[in-house]
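following is a predicted model, sequence given first.
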Amino acid sequence: MKIVELREYKIRPGKADQWITWMRDELLPYQRSQGMRILSTNLYQDENGDEFFVWTREFDNEQQRQAAYADTYNDWWVNEIRPQVAQLIELDSIKVRQLKPLWL
């Protein structure tokens, strides 16, 4: 059964343009190269003016999701990419939910 992840990140104040450009130009192409299917990317602003990046990814099944995670979130990611991510989004705000697709 397909797995869809709904991911939400709070963007640091004044960093939305930088985050969106980096995601579009570097992070999403890298994740696609590791077998992740990006379904949607969205930006919203809450009632307090905070900006959030919300996106969805799809995997064929849990085995494929685990393999993609292992290939993507390696030592290079932890040492090189994660520190850059932390400059643009609030790491403690990250929410990941698995959605159960019903029908189309």
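In hand now; what should we look at?

pick out the residue nearest the middle of the protein.
In the chain, the centroid-proximal residue (Cα atoms, centre = their mean) is R7; its distance is 5.6 Å.

hang on, that residue packs against K95?
Yes: with contact defined as Cβ atoms under 8 Å, R7 and K95 form a contacting pair (7.1 Å). Every C-beta, even on glycine, is put in place using the N, C-alpha and C of the backbone.

where does the chain dip in pLDDT?
Low-confidence regions of the chain, defined here as pLDDT under 70, cover residues 104.

and the strands in it?
When assigned using DSSP state E, the strands of the chain occupy the ranges 3-10, 37-45, 51-59, 95-99.

tell me the buried residues in the lengthiest helix in the chain?
Among all segments of the chain classified by DSSP state H, the helix with the greatest residue count is helix 62-72. When neighbours are counted by 16 or more other Cβ atoms under 10 Å, the buried residues of helix 62-72 are found to be Q64, R65, A68, T72.

next one: stretch 39-54
Residues of stretch 39-54 classed as buried by neighbour count (16+ other Cβ under 10 Å): E51, F52, F53.
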